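Peer 1: structure of the sequence below:
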Amino acid sequence: MNVTRVATLAEAGHSRIRFCTPSPGAVDCLGNAMSAIERAINALARDQHGVVAYRQITALGGTADLVRRRMGAGHWHRASFGVYRIGAAPKTLHQRFMVAVLSVGPDALLSHRAAARMWGIAPTGAVPIEVSVPRGGRNRSRRGMLLHATRDLDKAGATHIDGIPVTSLARTLLDLGGVEPSAVRPAMWEARRRHGLEWDELLATLVDHGRPGRDGIGPLRQLVAAHYGEVARDSRTEDHAFVLMRDSGRLPQPKAQVKVMCADGVPVTIDFGWPHLRCYLEIFGGPHFASEDLIQLDLHRRNQIELAGNALLIHTGRMLEQRPDQFVTDVAQMLRSSGWDGDPGVWSPSMAHVTHGRDRS
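Peer 2: Residues are numbered from 1 along each chain as shown. The predicted structure is shown next:
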């Protein structure tokens, strides 16, 4: 707890809130003389919302006997396993957060919804106390706490808010998507409003943490994709479209994931294209229509693609399932209208694997 906060609580009528200063001849809150070790412990407690871990006490030169004596005298109180509340420090939410982190281990970070609360971007109402630790350690969950063992804690961008170790703002949003996906969008906009969080930082976080099965990737990726002009993709739907075109024997082989410059100067990536004909094909899967923002974005993007002199055809996964022949006919008609001579040519056998192997988390 910082000094300003202590003064504010004292002025509010909490007359027992006093931390002894680490000066020679200092006394505890009951007027008893303190050793230099105890003064150092008191000073640390002042910076940690009134609590210290046993490992910190011993690092400062304290002993188990000192802990027993202070607890026996009622000066210290057990807050959790291996964590002690010093003097008359008030029990606050921030103290509970600090106790949780200290009780788990030196590498622990407040994370997920609890970290979002510290950053000021959490949903209203109570949040669970959540702590992230390195996977494979000997950390044990404590009562009243959700423990997340993760293999990428080294990428969490550890920082401190009011003295509490927490995950970085971008990592907090990523983790939030793994436990409360619907909260990511409002939290992200609040993070941008309050802290000026940049899109590039969110994109870098996705790149750093991208791996199959990683919790939280999907919700954040969808928001970042919308900003950068990309669509949340369903690769299985794209695969289906590819197979229909190939097996029809009527169409020339397209290029996959084609870069196109829009009329407004924004580069975008389209699922399939025949650049020499300036013809392009976009396939929307189910996840695309889960976001109204993405739908609106693609209406704007389609206009800009066509204003740049391109032909664009859009089909959905359902259309492919229900009317596959019509899909092939529509593609052929678009190509012919742009000067295609009707020769399907020879397809490269390796092309069938272009859209496979993506991270579908």
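
Peer 1: mind listing the strands in the stretch 151-300 of the chain by residue range?
Peer 2: With DSSP state E, counting those that start in this stretch, the ranges of strands along the stretch 151-300 of the chain come out as 159-161, 164-166, 255-261, 267-274, 279-284.

Peer 1: to I129, which of the ones you listed lies closest?
Peer 2: Closest to I129 of those, according to C-beta to C-beta: strand 164-166, at 11.2 Å. Placement of C-beta: from N, CA and C, glycine included.

Peer 1: nearest to A114, of the strands of the stretch 151-300 of the chain?
Peer 2: Per C-beta to C-beta, nearest to A114 of those: strand 164-166, 8.1 Å.

Peer 1: go ahead and flag the most central residue of the chain.
Peer 2: In the chain, the C-alpha nearest the mean C-alpha coordinate belongs to L174, at 0.9 Å (C-alpha atoms, centre = their mean).

Peer 1: just list the residues touching the residue nearest to that one when sequence neighbours are not counted, thanks.
Peer 2: Ranked by C-beta to C-beta, 6 or more residues apart in numbering and with sequence neighbours excluded, the top spatial neighbour of L174 is G216, at 4.7 Å. Shown in contact with G216 (C-beta atoms under 8 Å, 6 or more residues apart in numbering): 174-179.

Peer 1: what's G216 sitting at in phi/psi?
Peer 2: phi 90, psi -10 (degrees, to the nearest 10).

Peer 1: cool, and L102?
Peer 2: phi -70, psi -30.

Peer 1: who does the residue lying closest to it once chain neighbours are set aside bridge with?
Peer 2: Leaving aside its chain neighbours, L102 sits nearest to A53 (4.2 Å; criterion: C-beta to C-beta, 6+ apart). On the basis of DSSP bridges, A53 is bridged to V83.

Peer 1: now do A53 against N303, distance only.
Peer 2: 59 Å (C-beta to C-beta, to the nearest Å).

Peer 1: now do D200
Peer 2: Taken as C-beta to C-beta, the span from D200 to N303 is 26 Å.

Peer 1: same check, this time on I283
Peer 2: Counting by C-beta to C-beta - I283 and N303 are separated by 19 Å.
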